[in-house]
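> here is my input; please provide its structure:
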Amino acid sequence: MDDESETDRSDELPLPIGIWESGQSLAPLDRRVLSGIEAPPREVIQRAADGVSEKLAVSDIDANNLTEAGWGIIFAEKTDSAVRAALQPLIEHRSRQVRTAHLLRIFEGDKGYRQGDTARSWLTKNNVGFSVVDPNLGVPFYLTIVGPPSVIPFEFQYQLDTYWGVGRLHFEDAEGYRKYSQHVIDYEQAPAVQQRREVAIFAPKNLGDRATGLLHDLVAQPLVNGNAYVKPLGTRQRFEMKPLLGEDATKANLKSLLRGDQGGPPALLFTGSHGLAIPCDAPGQLERQGAIICQDWKGGPVSANMMYSAADVDEKTTLGGLIHFFFACYSGGCPVFDDYGRDVLGRPIKIASTPFTARLPQRLLLSGALAVLAHVDRAWSYSFRGGRSVPLVQEFRDVMVRILKGERLGQATDQFNLRWSVLSGELADMERARDLDPLQVSEGVLANRWVARNDARNYVLFGDPAVRLRVNDMPPQGQ
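Predicted coordinates:
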């Protein structure tokens, strides 16, 4: 595929990175949604306007140092006491690392999340403004949300993550919270780590499928091969590259990789693929929504041997501190209504009875992954292309380089928040220009800028945002 010719198509409407179980592509963007683009919170636009990029916390705070940045955990008002008890070991572990009482905060009861809270109202009741973070004012930089999106909405997490480093923990029972907590503690306290200094890139290029072709050619290959100016991902951090591209991006190879059949799983895995879509309330929606569609799919209905889902994470999957970065529709979860489509009467289409987190990230965390970065709602192949903003592949690279350098995840993933802020401002400018003259900005350009903005917003971190790779403790290449 010729990258230059693809750039010339920047007016085209975006393509979704997802397919139905029947094998049909998800519907394209419904043009009607462009007439009702919502305005983001003013704090989101303000962040980009202020030029705040590297410094999320006040300048005398090192955001990667827990003794300065602090750590907090947010419980909903009526959290099950068993869940609270299951997380107590993680709270005590972080308390020993933070060492200062006022920088370790447990937000529960009246101080926790209450139904109807927005990020702004929650910060206000905790006596903190929605701005650059000063952990000493009462809300630490790293914040772990506990519970499903039906209780604490994804929108609350998106907004709070504008400045704070935010992650979410949601498991099916209290034992899941206990198990994840112990994985984190064991990883951080172990005298040595078994992880290889390896980053793996998994990207199918399904036959006759333009969406995965774009993702493979414009994102995965540049990460693997670099170019005349940029080395392959991980080179400067002394990580080996494990490419599973095109015909090598099979379910068998992915399963083998995650089982560590070749000496242990990689430290970082990026998968770019179609995500599986299941109709609202259909059997298996909670279990399989967002599953990874592998190279084995050649068109037609998607069977179990063509996808990697939560059911494939078994007792042999021992991830030992893996960080997994997904790019696929619904890989992180699903809202109730489709933001990108309308029914015949122009109403939003219901795609789930209640918002939910995807099962695959949950199972990966329970098998030893430190964190999963995944996408809520649909992801789009054109969200990384064109425009005045930096192409998204550079944000992908930046986030992954920060992870490979050992930054804590809540800090390392901030490029997506900055991109959300920048694109929100650009989108507002475009809408004003179209109000004056509809011909100034084409529908295709507006659509691509809008889905790029939403894609940046909809990346959600699952796991404790204070985790990081123990890069300095990993054996050198070849050992």
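
> can you map out the strands along the stretch 351-479 of the chain?
356-357, 371-375, 459-462 (DSSP state E, counting those that start in this stretch).

> nope, the stretch 51-200 of the chain is what I meant
Under DSSP E, counting those that start in this stretch, the stretch 51-200 of the chain gives strands at 71-74, 104-107, 142-146, 165-169, 196-203.

> closest to D186 out of those?
Among the strands of the stretch 51-200 of the chain, strand 165-169 comes nearest to D186, with 16.5 Å by CB to CB. Placement of C-beta: from N, CA and C, glycine included.

> who's in contact with the closest one?
56, 63, 69, 87, 141-147, 152, 157, 160, 177, 180, 357, 371, 408-411, 413-414, 460-466 (CB atoms under 8 Å, 6 or more residues apart in numbering).

> ok, now with 7 Å
Strand 165-169 is contacted by residues 141-146, 157, 160, 177, 180, 371, 408-411, 460-465 when judged by CB atoms under 7 Å, 6 or more residues apart in numbering.

> gap between the two ends of stretch 135-154?
Start and end residues of stretch 135-154 are separated by 23 Å (CA to CA, to the nearest Å).

> what about A352, neighbour count?
Residues within reach of A352, counting by other CB atoms under 10 Å, total 21.

> got the confidence number for it?
On pLDDT, A352 comes in at 96.

> next up, phi/psi of the residue nearest to it when sequence neighbours are not counted, please.
Using CB to CB, 6 or more residues apart in numbering and skipping residues adjacent in sequence, the residue nearest A352 is C334, 4.7 Å away. Per-residue torsions, C334: phi -140, psi 130 (degrees, to the nearest 10).

> tell me which of the strands of the stretch 51-200 of the chain lies nearest to A352.
Once the strands of the stretch 51-200 of the chain are compared by CB to CB, strand 165-169 is nearest, at 17.1 Å.

> quick check: mean pLDDT of the closest one?
The model assigns strand 165-169 a mean pLDDT of 97.

> change the start of the numbering to 509 and stick with it
Sure, I'll start counting at 509 from here, so that last one is strand 673-677.

> quick check: angle from that strand to strand 650-654?
20 degrees (axes from the mean of the first three to the mean of the last three CA atoms, to 10 degrees).

> the closest residue to L969 other than its chain neighbours: neighbouring residues, count only.
In space, and not counting its chain neighbours, L969 is closest to G675: 4.3 Å by CB to CB, 6+ apart. G675 sits with 24 neighbouring residues when counted by other CB under 10 Å.

> specify the beta-bridge partners of G675.
Applying DSSP bridges to G675 yields these beta-bridge partners: T652.

> from F710, how far out is it?
Distance, G675 to F710, by CB to CB, to the nearest Å: 23 Å.

> and for V641?
34 Å.

> quick one: which of the two has more around it?
F710 (27 against 24).

> who does that one form a beta bridge with?
Under the criterion used (DSSP bridges), F710 bridges to L752, T779.

> contacts only, for P536.
L521.

> check which helix or strand covers it.
P536 belongs to no helix or strand when assigned by DSSP states H and E.

> contacting residues for L784?
L784 neighbours (CB under 7 Å, 6+ apart): 527, 529, 796-799, 801, 810, 815.

> isn't there a strand covering it?
Yes: counting by DSSP: H, G, I helix; E, B strand; the rest coil, L784 is found in a strand.

> any idea of the mean pLDDT for stretch 755-765?
On average, stretch 755-765 scores 97.

> can you pull out the low-pLDDT segments for the stretch 759-908 of the chain?
890-900 (pLDDT under 70).

> give me the number of residues near P843?
22.

> hmm, I was thinking of Q948
Applying other CB under 10 Å, we find 12 residues neighbouring Q948.

> what stretches of the stretch 509-658 of the chain score poorly on pLDDT?
509-520, 549-567.

> all helices for it, in order.
Secondary structure of the stretch 509-658 of the chain (DSSP state H, counting those that start in this stretch): helices at 511-515, 550-557, 574-577, 589-594, 596-606, 627-633.

> the shortest one packs against which elements?
I take that to be helix 574-577. For helix 574-577, the contact count by 3 or more CB pairs under 7 Å, 6 or more residues apart in numbering; DSSP states H and E identifies helix 596-606 as packing neighbours.

> domain-wise, how is this protein divided?
If you go by automatic domain parsing, the domain ranges for the chain are 511-549+704-970, 564-696.

> if we ignore the residues flanking it in sequence, what's nearest Y695?
For Y695, ignoring the flanking residues on the chain, the nearest one in space by CB to CB, 6+ apart is G829 at 4.8 Å.

> thinking the one you found is in contact with Q702, fair?
No: the criterion here is CB atoms under 7 Å, and G829 misses it with Q702 at 8.4 Å.
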